[in-house]
Structure formats: C-alpha cells, structure tokens
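In: This is a predicted model, with the sequence first.
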Amino acid sequence: GFSRNNLQGTIPTELGQLRLTELKLLHNHLTGTIPDEIYDVSTLVQLSLQHNFLDGSISSKIEYMAGIESIVLFNNAFSGTIPSEVSLIAYDG
C-alpha cells in the first residue's frame with residue numbers, strides 16, 4: 001500500500017479514474033483537499049486518509065460514494081461542518 005511512505009503533495013485526481021475498492025494513504029504528508037474525482041469512485045469501499053495535512057471541507061459529493069463502508073479522515077486540517085449528505089450513505093451494519 002501507500003501508507004507510511006512519506007508521500008508529499010496533493011492526492012492525484014487521476015485516482016478517480018481507477019476502479020479501486022480501497023484507497024489507503026494514511027500516515028503521509030499529503031496536503032490540499034480531497035479531489036472531487038475521489039468521491040466519484042463508485043467501487044470504493046474503504047477510504048483511509050488519516051494522519052495527513054489535508055484541508056478544506058469535505059464535499060457534499062460524499063453522497064455519491066454508493067459502496068463506501070469505511071471513511072477514516074481524522075488528524076487532518078479539515079474545516080467546516082460535516083455535510084448533511086453523509087446521512088444519505090447507506091449503512092448496512
């Protein structure tokens with residue numbers, strides 16, 4: 001995986017073109033926002049971006065993550081409120 005690799009810079013928008021089930025970029029030095037293209041990955045089940053330097057707000061496009069089961073974003077520099085669209089994500093637990 002790409003965890004704990006001292007990756008720097010922003011999350012590449014090109015990742016949104018892949019059919020990923022997991023995107024684990026935790027414990028790096030990533031900056032910037034979560035690209036809108038990531039929210040469009042319908043196959044994504046797990047998104048782990050904790051322990052980076054990501055900022056900005058979490059997009060309302062989060063509602064389009066139809067297959068998501070786990071989103072872990074703590075220890076970043078996000079601002080704003082959690083979008084109400086989070087409640088539109090299906091939870092089957």
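Out: Cool, the structure landed.

In: CA only for contacts and neighbour counts going forward, please
Out: Fine.

In: residues touching residue 14, list them.
Out: Neighbour list for residue 14: residue 37 [criterion: Cα atoms under 8 Å, 6 or more residues apart in numbering].

In: For it, which three-state class applies?
Out: Secondary structure, DSSP: H, G, I helix; E, B strand; the rest coil: residue 14 is helix.

In: how far out from the middle of the chain is the lowest-mean-pLDDT helix or strand in the chain?
Out: Here the helix or strand of the chain ranked lowest by mean pLDDT, DSSP states H and E is strand 70-72, holding a mean of 92. Relative to its chain's centre, strand 70-72 lies at 8 Å (Cα atoms, centre = their mean, to the nearest Å).

In: Give me the next element, helix or strand, following it.
Out: strand 77-78 (DSSP states H and E).

In: Touching that following strand from outside, list them.
Out: With Cα under 8 Å, 6+ apart as the test, strand 77-78 has contacts from 53-58.

In: Pull up the pairing partners for the least confident helix or strand of the chain, direction included.
Out: Strands adjacent to strand 70-72 in the sheet, as given by DSSP bridges, are strand 46-48 (parallel).
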